[in-house]
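Undergrad: show me how the following folds:
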Amino acid sequence: MSNLINLEQVSKSFGITPLLDNVSLGVHAGERIGVVGLNGGGKTTLLEVLTGLEPPDSGRVSRVGGLRLAVVTQRGVLPEGATVGSVVLAGLADDAMTDDVAEHEWAANPRIRSVMEGIGIAGLGLETSIDNLSGGERRRVSLAAALVRDLDLLVLDEPTNHLDVEGVQWLAEHLLNRRSALVVVTHDRWFLDTVATNTWEVVGGKVESYDGGYGDWIFARAERARQADASEARRNNLARKELAWLRRGAKARTSKPRYRVEAAEALIADVPPPRDSVSLAAFARKRLGRVVIELEDTTLTTPDGRELVRDSTWRLAPGERVGLVGVNGSGKTTLLRTLAGDTEPAAGKRIQGQTVQIGWLRQELDDLPTDMRVLEAVQQVAQRIMLGDKEISAGQLAERLGFSPARQRTPVGDLSGGERRRLQLTRILMAEPNVLLLDEPTNDLDIDTLQQLEDLLDNWAGTLVVISHDRYLIERICDSTWALFGDGKLTNLPGGIDEYLKKRAAQGASPTRSDTKSPTAPVTDAAAQRAARKELSRLERAIVKFDEREQRLHSALAEAATDPDKLVSLGAELKQVLAEKEAAEERWMVLAEDA
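TA: The predicted structure follows:
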């Protein structure tokens, strides 16, 4: 296996902080390397030194002659006035390519079309000016420009940040089918586990190398802590809990020898499940009551009148944990805003329980007091809170989410984007909400902070709705998954993210991404559609009532265990209820398929 790039005794510092300290490593042909580490720990610096964007302070960087390399970093700048076509196709022909040639190249090359469609920019148009695009669209155009090229090495910095679940899935499959080597910084654990053959952890100025992806890295970290008898008990406990999840939940993809696996598994022999759902649900009911948030016969629209959800009824239960997925532009954030009471539905009504306290994490970072220090900003909300059955202080919660005691004295205005996100989360949790609405909570968070957040949410009793492209997070903290497919309905997915991706693949010919031109919908009888939707809503309410009657009858049967006559009567009533419920469910399924 040939060597593409070598770093020998490389050091790099910014100010007095050494980000790389005497680092020696190499990238071989065909390797796919995932780079992980804390925010600000030197991951992006490593990529920039590796690719020649930044010179090392000392040491040597050598590259094979004629190396075909593309780099997509978070600091990338696109040329002003350029078009989408000129940026995407720049690496495929000489600089004199005309727009006509670019259009011909686009039309004739299926790989280019596949890339543009896969990351959701095919609908932008090749003539669209870069200056008119959002930040996320610009990042996806930069990514497309790298993916269309035939390369020896592809270097990507957080490529999944502006992709939806489907886009992340497509990107992973695309990278697995490429022959080029890959170095990618990512906090998306499913993506890392799927793509990486090796993992580099940038920590304390050093780069630790591990075989395999996320599952192997977690095993290796726990094993390293066990062998060293680590004094960092809190970090070790998190690794043990994460191992328990990997082994009991999403099956770990590990390539370690069996004796290494057995040594690591010894750590989790007595670890309880990640969360006690029964006790948390009971606690949530005590705090929330029966009604949480309900949307009845609700229609949601965009400001320009485009219909996102029509005649939908959705009731959140106490302690329910919901993951909400869908393509960009399908209405996820609008639905979350409606649940929060920030946006009024175009039709229908929103009902909120009297004891509901909402904590809403928005994508924007405009709700932080920049004139305070970190600890003051947290204490402004509360001094102490109860988390599960434990009381913790504002400083303790801030430390669990990555703010060391020294960093807690930092002015909020001096924090990085990732640190502001962590502070936003800390303040929301300090308010002790019993309903959490999280809109892309993983943006700008490193893996260690994500583990801390998941640990906090494991012990948090209340109702949770989370929008995220991070499928690992949704599978980890949510008990059910719902999707917006752009068809005006809110769809429950018992099979989770896998079922969502299968349904989206089946829709292949009619994409619903906001940046893709949708085909014209067939004309149907509007009155018949409205009638069907009303009957669907009626059936949904009837099925809920059947469920409640069934539960009451089961309880009554248990109480009447010594009364034969009453048992017969209750048994006959239960049989009737089950038959009516089954008929209602069958009718609902027929209408749902035609709606």
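Undergrad: please count neighbours and contacts with C-alpha atoms only from this point.
TA: Will do.
Undergrad: what comes up buried for the lengthiest helix in the chain?
TA: Scanning the chain for the helix with the most residues, using DSSP state H, yields helix 526-559. Across helix 526-559, burial judged by 16 or more other CA atoms under 10 Å covers 532-533, 536-537, 539-540, 542-543, 546, 549-550, 553, 557.
Undergrad: once you drop chain neighbours, what's closest to residue 584?
TA: residue 539 (6.3 Å; CA to CA, 6 or more residues apart in numbering).
Undergrad: now the helix or strand containing residue 194: average pLDDT?
TA: Per DSSP states H and E: residue 194 is located in helix 189-195. Per-residue pLDDT over helix 189-195 has a mean of 91.
Undergrad: who's in contact with it?
TA: The contact list for helix 189-195 (CA atoms under 8 Å, 6 or more residues apart in numbering) reads 32, 34, 168-169, 172, 175-176, 186, 212-215, 253, 447, 470-472.
Undergrad: do the same with stretch 166-183
TA: For stretch 166-183, the surrounding residues in contact (CA under 8 Å, 6+ apart) are 27-35, 118-120, 150-156, 160, 191, 194-195, 327, 469, 501, 504.
Undergrad: list the buried residues for that stretch?
TA: Residues 166, 167, 168, 169, 170, 171, 172, 175, 180, 181, 182, 183 are the ones in stretch 166-183 that count as buried (16+ other CA under 10 Å).
Undergrad: ok, stretch 403-410 next?
TA: 403, 408, 410.
Undergrad: start to end distance for it?
TA: 10 Å (CA to CA, to the nearest Å).
Undergrad: likewise for stretch 118-133?
TA: Counting by CA to CA, you get 18 Å between the two ends of stretch 118-133.
Undergrad: then stretch 434-452?
TA: End-to-end for stretch 434-452, by CA to CA: 19 Å.
Undergrad: centroid residue for this structure?
TA: Nearest to the geometric centre of the chain sits residue 470, at 2.2 Å (CA atoms, centre = their mean).
Undergrad: where's that one relative to residue 169, distance?
TA: Distance from residue 470 to residue 169, by CA to CA: 10 Å.
Undergrad: and residue 10, which helix or strand is it part of?
TA: Assigned by DSSP H and E, residue 10 belongs to strand 3-14.
Undergrad: name the residues of that strand that are buried.
TA: For strand 3-14, by 16+ other CA under 10 Å, it's 4, 5, 6, 7, 9, 10, 11, 12, 13.
Undergrad: out of the contacts of stretch 166-183, which are buried?
TA: So, by 16+ other CA under 10 Å, the buried ones in the contacts of stretch 166-183 are 27-35, 118-120, 150-156, 160, 191, 194-195, 327, 469, 504.
Undergrad: my guess is residue 435 contacts residue 359. True?
TA: Yes - using CA atoms under 8 Å, residue 435 is in contact with residue 359, at 6.1 Å.
Undergrad: between these two, which one's more packed in?
TA: More crowded of residue 435 and residue 359, by other CA atoms under 10 Å: residue 435, with 26 against 21.
Undergrad: so what sits opposite that one in the bridge?
TA: Listed beta-bridge partners, residue 435: residue 358, residue 463 (assigned using DSSP bridges).
Undergrad: quick check: buried residues in stretch 314-321?
TA: Buried residues in stretch 314-321, counted by 16+ other CA under 10 Å: 314, 316, 317, 318, 319, 320, 321.
Undergrad: distance check, residue 358 against residue 463.
TA: Distance from residue 358 to residue 463, counting by CA to CA: 9 Å.
Undergrad: overlap in contacts of the two?
TA: Shared contacts of residue 358 and residue 463, defined by CA under 8 Å, 6+ apart, comprise 434, 435, 436.
Undergrad: nearest to residue 45, of those?
TA: residue 436 (35.1 Å; CA to CA).
Undergrad: OK, contacts around that closest one?
TA: Residue 436 makes contact with 358, 359, 360, 361, 462, 463, 464, 465, 466, according to CA under 8 Å, 6+ apart.
Undergrad: correct me, but residue 60 touches residue 10?
TA: Yes - counting by CA under 8 Å, residue 60 does reach residue 10; the two are 6.1 Å apart.
Undergrad: residue 308: neighbouring residues, count only.
TA: Using other CA under 10 Å: residue 308 sits among 22 other residues.
Undergrad: now swap in residue 391 and tell me
TA: By other CA under 10 Å, neighbour count at residue 391 equals 10.
Undergrad: and for residue 202?
TA: 22.
Undergrad: just curious, which of the buried residues of stretch 403-410 is nearest to residue 456?
TA: Nearest to residue 456 among the buried residues of stretch 403-410, with distances taken as CA to CA, is residue 403, at 15.0 Å.
Undergrad: same list, the buried residues of stretch 403-410, but as TSV with pLDDT and secondary structure please.
TA: Converted to TSV, those look like this (pLDDT from 0 to 100; DSSP: H, G, I helix; E, B strand; the rest coil):
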residue	pLDDT	secondary structure
403	85	coil
408	91	helix
410	88	coil
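Undergrad: for those residues, give me CSV that also has distance to residue 381.
TA: Below are those laid out as CSV (distance: CA to CA, whole Å):
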residue, distance to residue 381
403, 17
408, 15
410, 17
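Undergrad: what's the spacing between the residue nearest to residue 297 when sequence neighbours are not counted and residue 181?
TA: Counting by CA to CA, 6+ apart, residue 311 is the residue found nearest to residue 297 once chain neighbours are left out, at 4.2 Å. Counting by CA to CA, the gap from residue 311 to residue 181 is 49 Å.
Undergrad: sorry, back to before: flag whichever of the buried residues of strand 3-14 scores worst on pLDDT.
TA: Minimum pLDDT across these falls on residue 13, with 87.
Undergrad: nearest residue to residue 357 in space, please, no chain neighbours.
TA: Nearest residue to residue 357 in three dimensions, chain neighbours excluded: residue 433, at 4.8 Å (CA to CA, 6+ apart).
Undergrad: tell me who's in contact with the one you found.
TA: With CA under 8 Å, 6+ apart, residue 433 has these contacts: 356, 357, 358, 359, 462.
Undergrad: where along the stretch 251-400 of the chain do the strands fall?
TA: 293-301, 307-316, 321-326, 347-352, 358-361, 384-387, 390-393 (DSSP state E, counting those that start in this stretch).
Undergrad: which one of those lies closest to residue 457?
TA: strand 384-387 (9.3 Å).
Undergrad: which other helices and strands contact that closest one?
TA: For strand 384-387, the packing partners by 3 or more CA pairs under 8 Å, 6 or more residues apart in numbering; DSSP states H and E come out as strand 390-393.
Undergrad: what about 10 Å?
TA: If contacts are counted by 3 or more CA pairs under 10 Å, 6 or more residues apart in numbering; DSSP states H and E, strand 384-387 sits against strand 390-393, helix 394-400, helix 417-430.
Undergrad: which among these is found nearest to residue 340?
TA: For those, the distance to residue 340 is smallest for helix 417-430, at 13.7 Å, taking CA to CA.
Undergrad: dump the closest one to CSV, keeping only the CA atoms.
TA: Taking Å, rounded to 0.1, in the frame of the first residue of the first chain, the C-alpha atoms of helix 417-430 are listed here in CSV:
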residue,chain,number,x,y,z
GLY,A,417,-19.7,28.4,17.9
GLY,A,418,-19.6,24.9,19.5
GLU,A,419,-19.1,26.4,23.0
ARG,A,420,-22.1,28.7,22.5
ARG,A,421,-24.2,25.7,21.5
ARG,A,422,-23.1,24.0,24.7
LEU,A,423,-24.0,27.0,26.8
GLN,A,424,-27.4,27.3,25.1
LEU,A,425,-28.1,23.6,26.1
THR,A,426,-26.9,24.2,29.6
ARG,A,427,-29.2,27.2,30.1
ILE,A,428,-32.2,25.3,28.7
LEU,A,429,-31.6,22.4,31.1
MET,A,430,-31.1,24.7,34.1
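Undergrad: picking up where we left off before, from the buried residues of helix 526-559, which has minimum pLDDT?
TA: Of all the buried residues of helix 526-559, residue 533 carries the smallest pLDDT score, 66.
Undergrad: quick check: closest non-adjacent residue to residue 470.
TA: Residue 470 sits nearest to residue 188 (CA to CA, 6+ apart), 6.0 Å away.
Undergrad: measure residue 312 to residue 502 for me?
TA: To residue 502, residue 312 is 23 Å away according to CA to CA.
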